[in-house]
Structures are given as C-alpha cells and as structure tokens.
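> quick one: sequence plus predicted model below, questions after.
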2 protein chains.
Amino acid sequence: MAKIDPARIWSLNHRLLMTVISSVAADIAALGLETKELFVLAEVDAHPYPAELAGILCIPKPSVTLYVKRLEAAGFLRREIDTEDLRRHRLQLTPAGRKAMQQGTSLLSGAFGERLGRLSAAQQAELRGLLEKML
Amino acid sequence: MAKIDPARIWSLNHRLLMTVISSVAADIAALGLETKELFVLAEVDAHPYPAELAGILCIPKPSVTLYVKRLEAAGFLRREIDTEDLRRHRLQLTPAGRKAMQQGTSLLSGAFGERLGRLSAAQQAELRGLLEKML
DNA sequence: GGAAACTGGTTCGACATTAAACCAGTTCCA
DNA sequence: TGGAACTGGTTTAATGTCGAACCAGTTTCC
C-alpha cells in the first residue's frame, strides 16, 4: 500500500471542498448571501451566540460582528440581548433567514451531492463516519 | 441508516480542515510563510505557471501574482520567462523555498496526522480513495 | 502578412478581513 | 463589599484580497 502523506490528503480534501463551494458561490450570491454568511446562518440554530460562532467556524470575532450586522440588515437575522447575561447577544433566524439558509444549503447539497454520488451509499456513510471520528 | 445530508458532510469536513489549519497557522508563520503562500509553494513543482496555480488552487489570478511576488521577495521562489512562450513565467523553488515548503507541509502533516491517527491504516487508505474518487 | 480573438500576467482601486485596543457586564476572591 | 481578572461584543486602523481594465505575446484564420 502506498505510504500515506497526511498533508497530501488534507490538500486533496481542501481542493475538493473549494472546487465545490466556488462552483455554487454565484448561485448563493443570488440569494443575497455571501458564502461565509451562509455558513454563519447555517450554524445559528446550534450556536446562537457570536462568540460560539467565531469558535466553531474558526473566524475571528470582529468578522462575526460584521457578518451578523449584514445579515441583520438583510433581514435574515434578529438579535436580542440575552436576559441571563447582558453582554451576550442571542441570535435567531427570521423566517426569511431560515428560507435563505435552506436554499443555500440546498445548493451546496446539490453540488456536493454530485460528488458524493460517485460513491455508493455505504461509502457515503463510511465517509461521514470517518470524518466524525476525526473531528 | 440515517439519511445523508451532503451539505452537512461538507460542513463537517470543512470544520475539520479549518480547525487543523488554524492550529498550525502560527507555526507556519514562524517559517516566514502565510498558509496561502504555503499552498502555492506546495504546488509549484506540479504546476510551475501562475495561471495553473490559480486554477488548481481556486485562487484569482491577481492574488497569485501577489503571493508569487512575496515568495520571490522572500527568496523562496525564482521566476524566469519561459522561452517557449514569452508571456509565461516559469516558477521554480529555490533551495530555501523547498526547505520551507517541506517544513510547512510537515507541520500540516503533523497536525492532520493526529486526526488521521484516530483511524486505522485501512481506514486512512479508504478515506484517501474516497476523496480521490470525488475529485 | 496582418487583423481579430485569445491567453498569461500585472496594475489599480474598491472592498473585505482582522489584530489591537476598547467598553460593558460578569465572575472570582480576599 | 469591591477591585482584579475575565468574557462578549464592537470600533478603528492597517492589511489582505480580488474584479475590472489593462498590456504584451500568441494563435487563428482570411
């Protein structure tokens, strides 16, 4: 078996993801979203606080501030002060935001699904299992 | 078996890659390289022309110009006009560039290898196979 | 030959990103 | 209690990024 170079796999993988995302960037933009903003929207349900988003998405805090500001201005996000901790801002998708998020992730699913389609169902499940194990 | 949502896998995968790369960004910077520049260095052998690099790395051409300029200034890269086609610039790693590239990819390998280490050797090979099939 | 269309690479200027410093609210602990 | 240390979020100022327009060299095709 060929020797495995982790950096090589990382790059391979990275190229795959970048190719896919850049192939749908234009369509996502048509929804009124930048791809980075879509990532934010997609995580808001699970991580409703900016600091959490910054952590989970590996984005610096000021960038999150910016994205949230834009998303709020676009009517995709609502922001309210958390009553438990007055420093925190709890984020919440608006109906429009949820719709845009779903459309966006659906675009991504379409494009990545094309690649996944080259694998058998069992292989797809295997892939997900491997990734989860690594995270 | 749980239904597979491609966008979910994409995100999972993306998070994995980002976590890994940001964990070594500082060490890579210590070599005098930005991570993006490392990607460029790592592909120069296989793709010695800026236009090719832009294509393979999914980076816009002006950015490549910039990275190459910096890498050349740092002494990591040598640039010469291609005698076949006077528009093209053939790129070549200098010894210092090759060394930095190897150290950088080695850092990346170390960090990603830690994650890969959670998989068996067979699973690692399987993962690579799946990724290659999708690209 | 030579004009039109094309391709590799760069420049410019507008925009996006982010590190550093900051403010406000919270927690810790003497 | 109260002040020192910490955390969530924002602002600012400096830097990074890249679309559009560009120049130079190449190919195409009459």
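Everything's here; your move.
> make it CA atoms for all contacts and neighbour counts henceforth
OK.
> now name the helix or strand holding residue A:64.
Using DSSP states H and E, residue A:64 falls within helix A:61-73.
> partner strands of the helix or strand following that helix, with direction?
As assigned by DSSP H and E, the chain's next helix or strand after helix A:61-73 is strand A:77-81. As defined by DSSP bridges, the strand partners of strand A:77-81 come to strand A:89-93 (antiparallel).
> buried set for stretch A:51-61?
Residues A:51, A:52, A:53, A:54, A:57, A:59 are the ones in stretch A:51-61 that count as buried (16 or more other CA atoms under 10 Å in any protein chain shown).
> nearest to residue A:107, of these?
Using CA to CA, the shortest approach to residue A:107 within the buried residues of stretch A:51-61 belongs to residue A:57, at 19.7 Å.
> for DNA strand D, see how far away the closest one is.
Here residue A:57 is placed at a distance of 13 Å from DNA strand D (CA to the nearest atom of the strand, to the nearest Å).
> burial of residue A:24, as a residue count?
Using other CA atoms under 10 Å in any protein chain shown, residue A:24 has 19 other residues around it.
> contacts (any at all) between chain B and the helix or strand containing it?
Following DSSP H and E, one finds residue A:24 within helix A:6-30. Yes: using CA under 8 Å from any CA of the partner chain, helix A:6-30 reaches chain B at A:6-10, A:12-19, A:22.
> against which helices or strands is that helix packed?
If contacts are counted by 3 or more CA pairs under 8 Å, 6 or more residues apart in numbering or on different chains; DSSP states H and E, helix A:6-30 sits against helix A:35-44, helix A:95-116, helix B:6-30, helix B:95-116, helix B:121-134.
> of all the ones you listed, which one is nearest residue B:73?
Proximity to residue B:73 (CA to CA) singles out helix B:95-116 among the helices and strands packed on helix A:6-30, at 11.2 Å.
> starting at the chain centroid, how far to the closest one?
10 Å (CA atoms, centre = their mean, to the nearest Å).
> from residue A:18, how far off is the closest residue to residue A:125 other than its chain neighbours?
Nearest residue to residue A:125, sequence neighbours excluded (CA to CA, 6 or more residues apart in numbering or on different chains): residue B:4, at 7.3 Å. Distance, residue B:4 to residue A:18, by CA to CA, to the nearest Å: 21 Å.
> okay, residue A:4: pLDDT?
Note for residue A:4: predicted pLDDT of 77.
> surely it is in a strand?
No: under DSSP: H, G, I helix; E, B strand; the rest coil, residue A:4 falls outside any strand and is assigned coil.
> can you pull the contacts of the residue most central in space within chain A?
Centroid check for chain A by CA atoms, centre = their mean gives residue A:39 as the closest residue, at 2.8 Å. Contact partners of residue A:39, counting by CA atoms under 8 Å, 6 or more residues apart in numbering or on different chains, are residue A:57.
> equivalent analysis for residue A:53, please.
Counted by CA under 8 Å, 6+ apart, residue A:53 has contacts A:40, A:43, A:44, A:47, A:59, A:64.
> which of these sits closest to residue A:125?
Out of these, the member with the shortest distance to residue A:125 (by CA to CA) is residue A:43, at 22.2 Å.
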